[in-house]
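S.K.: Got a predicted model here, sequence first, then my questions.
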Amino acid sequence: MTAVVDRWNGARRCNSRPSRLRLVDVWRVGVSGLRARPLRVALAALGIAIGIGAMVAVVGISASSRADIDARLDRLGTNLLTVSPGSTLFGERAKLPVEAVPMVRRIAPVQSATATGKVNANVYRNAHIPSARTSSLAVLAAQLDLLPTVGGHMSTGKWLNQATATYPGVVLGASAAERLGVDRPGGRVWLGGQWFSVVGTLDAVALAPELDSAALVGWPAAKTYLGFDGHPTTVYSRSVPARVEDVRSVLGATANPQSPYEVKISRPSDALTAQRETQAALSGMLLGLGLVALVVGGVGVANTMVISVLERRSEIGLRRALGATRGQIRVQFLTESLLLSLLGGTAGALLGAAVTAAYSGYQNWPVVVPPWVTFGGVLATVPIGVAAGIYPAVRAALLAGYSAHGCRWAGWVWPGVAQQVGQRRRGESSASSNACRDRAWSSVTSWWSRRALSNQSW
């Protein structure tokens, strides 16, 4: 302590230059300032973490969803087209000709074509359910090449073949099997007033969701047992990917040459593309909400730093008395604000990545967290920290400025100094002013010694 006092007295006599802080000193002082108030720092950092975490999670979940849709499109293809009957001029439902499928197969780029036909029948779990209660499950006649054309897969059992397509056998879609309580082949369902054996059940079909809530019967069996007229209600065609639009332009006239304007042509993969675009728009809106949360977190950091300045006026005065400049005081509080924001940003980035991984795993999506959003989210806290710390840093430097006016700083810089020294009067001489400063410094160093002996860090 004696060495410190002698050094300060020598610096006064020699009118030495202001002290300098190394970068490591700035870092150490900033960390010590945050460690002194852990609960307040944690709550302030939480606001930043919520904002950054929301942004990272929104972008990550959106990217994971897009990756899943892209994978499904790559797996299922975008070259599937469907033809269904529209309406006549009189508003009645039109019909596709019986030979629609063979005619579609004649189009050169078409690789395969198949169809389903609506059957006027209902399916129930047993025969005790009144027929007036419709099950809202469709009964469809299906051709044998339906499953490979639409990209469907069996969940249990087997698909229809030449044998099972001619007798009362049925394949249930994923939703139909769940609603009827059938989870394995071998059971029976009451269909069209007679029993049909369950041959198998389907997985969900992404490009043909109408099959999920349907009971599929072989085309010949539907004609024999259910009075099916043979007119298809949906024709599915797979084409060469590069020629899809060419096929689409002639598909209506080929499927129904007599009334080409009474058909509707659609591309099931367009629904997945539209879903992707909708999710992108929704992600943009949620990202805006994340930015709002980040700004609110920045306000919380600024409030914390302002309160810190008010509580640490004594520390600021002591640092000024030991030779710290106003610029160094500003740097100290700016450093604390930056460290606080970076702490919240890092925690938020980790939180957002964890939420993305958890939600994507729950949805069976690939986990995609773009590196740019992780690092960008952390770097975004830098301007937030600077903006939140400018006012408190400037205010702290202005408070410290009272040390340049002799003993006027004593009343607020250090408790007890005012009683020992008193306020300097306007007409006081230079010698009296120097004596005042000496007594003030003696009080400061005495307090510092007591704090050092009690192992309390300022």
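M.R.: Arrived safely, thanks for sending. Just so we're clear, the structure is a prediction, and the values are computed from it rather than from any experiment.

S.K.: can you give me the strands in the stretch 51-200 of the chain?
M.R.: In the stretch 51-200 of the chain, strands defined by DSSP state E, counting those that start in this stretch lie at 80-85, 110-118, 123-124, 138-142, 154-157, 169-172, 188-191, 194-202, listed in chain order.

S.K.: Oops, could you answer that again for the stretch 201-350 of the chain instead?
M.R.: Assigned by DSSP E, counting those that start in this stretch, the stretch 201-350 of the chain shows strands spanning 214-218, 234-239, 263-266.

S.K.: Redo those as CSV? Include mean neighbour count.
M.R.: Bear in mind the C-beta positions are built from the backbone N, C-alpha and C, glycine included. Converted to CSV, the strands of the stretch 201-350 of the chain look like this (neighbours: other Cβ atoms under 10 Å):
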stretch, mean neighbour count
strand 214-218, 29
strand 234-239, 25
strand 263-266, 16
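
S.K.: Retrieve the pLDDT associated with Cys14.
M.R.: pLDDT for Cys14: 42.

S.K.: before we move on, back to that, now tabulate the strands of the stretch 201-350 of the chain in a markdown table and tack on mean pLDDT and distance to Val373.
M.R.: Output for the strands of the stretch 201-350 of the chain, formatted as a markdown table (pLDDT from 0 to 100; distance: least, Cβ to Cβ, whole Å):
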| stretch | mean pLDDT | distance to Val373 |
| --- | --- | --- |
| strand 214-218 | 95 | 42 |
| strand 234-239 | 92 | 38 |
| strand 263-266 | 87 | 35 |
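
S.K.: Could I get the ones you listed in a markdown table, plus columns for distance to Leu207?
M.R.: Formatted as a markdown table, the strands of the stretch 201-350 of the chain follow (distance: least, Cβ to Cβ, whole Å):
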| stretch | distance to Leu207 |
| --- | --- |
| strand 214-218 | 14 |
| strand 234-239 | 9 |
| strand 263-266 | 11 |
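
S.K.: and stretch 243-256, C-alpha only, in PDB?
M.R.: Output of stretch 243-256 as PDB, limited to C-alpha atoms (Å, rounded to 0.1, in the frame of the first residue of the first chain):
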ATOM      1  CA  ARG A 243     -41.300 -33.600 -70.800                       C
ATOM      2  CA  VAL A 244     -43.800 -33.100 -68.100                       C
ATOM      3  CA  GLU A 245     -45.100 -29.800 -69.400                       C
ATOM      4  CA  ASP A 246     -45.400 -31.200 -72.900                       C
ATOM      5  CA  VAL A 247     -47.500 -34.100 -71.600                       C
ATOM      6  CA  ARG A 248     -49.600 -31.800 -69.500                       C
ATOM      7  CA  SER A 249     -50.500 -29.700 -72.600                       C
ATOM      8  CA  VAL A 250     -52.100 -32.700 -74.400                       C
ATOM      9  CA  LEU A 251     -53.200 -34.800 -71.500                       C
ATOM     10  CA  GLY A 252     -56.800 -33.500 -71.300                       C
ATOM     11  CA  ALA A 253     -57.500 -33.900 -75.000                       C
ATOM     12  CA  THR A 254     -56.000 -37.400 -74.900                       C
ATOM     13  CA  ALA A 255     -57.900 -38.600 -71.800                       C
ATOM     14  CA  ASN A 256     -61.200 -37.300 -73.000                       C
END
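
S.K.: Now it: buried residues?
M.R.: Under the neighbour-count criterion of 16 or more other Cβ atoms under 10 Å, stretch 243-256 has Val244, Val247, Arg248, Leu251, Gly252, Thr254, Ala255, Asn256 buried.

S.K.: wait, what's in contact with the fifth one?
M.R.: By that I understand Gly252. Going by Cβ atoms under 8 Å, 6 or more residues apart in numbering, Gly252 touches Val83, Pro260, Tyr261, Val263, Ile265.

S.K.: List just the nearest of the residues you listed to Thr233.
M.R.: Proximity of the contacts of Gly252 to Thr233 (Cβ to Cβ) peaks at Val83, which lies at 9.8 Å.

S.K.: Nearest residue to that closest one in space, please, no chain neighbours.
M.R.: Val235 (4.1 Å; Cβ to Cβ, 6 or more residues apart in numbering).

S.K.: For the one you found, list each beta-bridge partner.
M.R.: Beta bridges link Val235 to Val83, Ala115, judged by DSSP bridges.

S.K.: Hmm, it is touching Ala255, no?
M.R.: Yes - using Cβ atoms under 8 Å, Val235 is in contact with Ala255, at 5.9 Å.

S.K.: what is in contact with those two at once?
M.R.: By Cβ under 8 Å, 6+ apart, the residues touching both Val235 and Ala255 are Val83, Leu96, Ala100, Val104.

S.K.: can I get the contacts of Gly252 in TSV with distance to Lys158?
M.R.: As requested, these are exported to TSV (distance: Cβ to Cβ, whole Å):
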residue	distance to Lys158
Val83	28
Pro260	38
Tyr261	40
Val263	33
Ile265	32
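
S.K.: So which of these is the closest to Leu39?
M.R.: Set against Leu39, the nearest of these by Cβ to Cβ is Ile265 (64.6 Å).

S.K.: How much space separates the closest residue to Val306 other than its chain neighbours from Lys95?
M.R.: The shortest distance from Val306 to any residue other than its chain neighbours is 5.0 Å, reached at Pro392 (Cβ to Cβ, 6+ apart). Distance check for Pro392 against Lys95: by Cβ to Cβ, to the nearest Å, it reads 77 Å.

S.K.: and if you look at Ala176?
M.R.: Ala176 is 25 Å from Lys95, by Cβ to Cβ.

S.K.: more crowded one of the two?
M.R.: Just comparing Ala176 and Lys95: by other Cβ atoms under 10 Å the higher neighbour count belongs to Ala176, 26 against 16.

S.K.: which one is the more buried one nearest to, not counting chain neighbours?
M.R.: Counting by Cβ to Cβ, 6+ apart, Leu137 is the residue found nearest to Ala176 once chain neighbours are left out, at 5.0 Å.
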